[in-house]
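Engineer: attaching a predicted model along with its sequence, questions to come.
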Amino acid sequence: MNNDVIEHEVMDVVANQNHQAAHSVMVMEQWGNGETYNEERWIERGRQAVRQTMEGMFELGRALIILKEHTQHGRFMEIVKSQFGIGHNETARLIAATQRFATPQMQKAAPKLMDLGKSKLLELLVEEDVTLIGLAEGEEVNGMTLDDVDRMTVRELRAALRESRETAEAKDKVIADKNKKVDELAEKLEKSKKTVKEPDAADVGSELAMRLTSLEVGIRSQVSRLKEMFEQMNAHTEAHGIDHRAKMVGTINQIILDCETLRSSFALPQDAPTDDMPEWLKQED
């Protein structure tokens, strides 16, 4: 690259810088009271303007609340339209916003939320107070932080909040449906308990007797197996001279003792009653 080209490029850069400087002077003369441009200073002034706008919004909200409480509905809306140039919906939202930010907790969160601007703040009013306070304190709410909300457009924020509400409503519906089914089953069970007929005493007695007979047959079957075992033990004694009688007697005595313990526990006689009709059935008659 020759010197003429380099010199020409340098001159272009200088000319562009001079143009930008002149443009900045013109803009600052017209809009910035002749001050020198400083990005941080004007960002802060912009934020102050937003806060003042929000404070003005809440001041208007307070005025609306006071007027509403002191005038009839028709007169109130006439004042709102003629003096403030706002409609019914915006009036309701301004009053709601002012009332929401009247509590100490919300007043503490207000400065950061107010930096978002009027439109976003009004969109956020669909959320609970605890949600807005958490958002202002740096918590993530519905997958969004305060910085996320700040970077969003009003339309994007509205869509995100709508999606969050629809998701929450869907979850609530699922839970509600499950709870409804559980309640229905519990109600059916309660009704079934009330409609179940008390079983007949004779049928219950017969069932118990059958179950005892079945148990008796099983026990006697096991006892009958002792004969085979005793025969094997006797054969072992004869073949090898080992006496098993002590064990055999002990087994029989233990079984007899268990049976006598049962007899004693239920005060049963030695001989069965001659009358076949059980006592509980006699009492029913």
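Structural biologist: The structure has been received and is ready for your questions.

Engineer: please name every helix or strand in contact with the strand or helix carrying R45.
Structural biologist: Taking DSSP states H and E as the definition, R45 sits inside helix 39-70. In this structure, helix 39-70 makes packing contacts with helix 73-79, helix 88-100, helix 104-114, helix 118-124, judged by 3 or more C-beta pairs under 8 Å, 6 or more residues apart in numbering; DSSP states H and E. From N, CA and C alone the C-beta is placed, and that goes for glycine too.

Engineer: let's see it at 6 Å
Structural biologist: Where contact means 3 or more C-beta pairs under 6 Å, 6 or more residues apart in numbering; DSSP states H and E, helix 39-70 is packed against helix 88-100.

Engineer: so which bits of the helix it packs on are buried?
Structural biologist: By neighbour count, with 16 or more other C-beta atoms under 10 Å as the criterion, the buried positions of helix 88-100 are 91, 93-95, 97-98, 100.

Engineer: G56: which of the residues you listed is nearest?
Structural biologist: Sorting the buried residues of helix 88-100 by how near they are to G56, with C-beta to C-beta, puts L94 at the top with 10.7 Å.

Engineer: so where's the stretch 1-150 of the chain uncertain?
Structural biologist: Within the stretch 1-150 of the chain, the set of residues satisfying pLDDT under 70 comprises 1-8, 10-13, 47, 50-51.

Engineer: now do 90
Structural biologist: Across the stretch 1-150 of the chain, the ranges flagged by pLDDT under 90 are 1-77, 79-150.

Engineer: same question for the stretch 151-285 of the chain.
Structural biologist: 151-236, 238-241, 244, 247, 250-251, 254-285.

Engineer: hmm, back to that, farthest pair within the buried residues of helix 88-100?
Structural biologist: Comparing every pair within these by C-beta to C-beta identifies T91 and R100 as the most remote, at 15.0 Å.

Engineer: make JSON lines from the buried residues of helix 88-100 and add distance to Q30 to it.
Structural biologist: Supplementary listing: these in JSON lines, determined by distance: C-beta to C-beta, whole Å:
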{"residue": "T91", "distance to Q30": "36"}
{"residue": "R93", "distance to Q30": "35"}
{"residue": "L94", "distance to Q30": "33"}
{"residue": "I95", "distance to Q30": "39"}
{"residue": "A97", "distance to Q30": "35"}
{"residue": "T98", "distance to Q30": "36"}
{"residue": "R100", "distance to Q30": "40"}
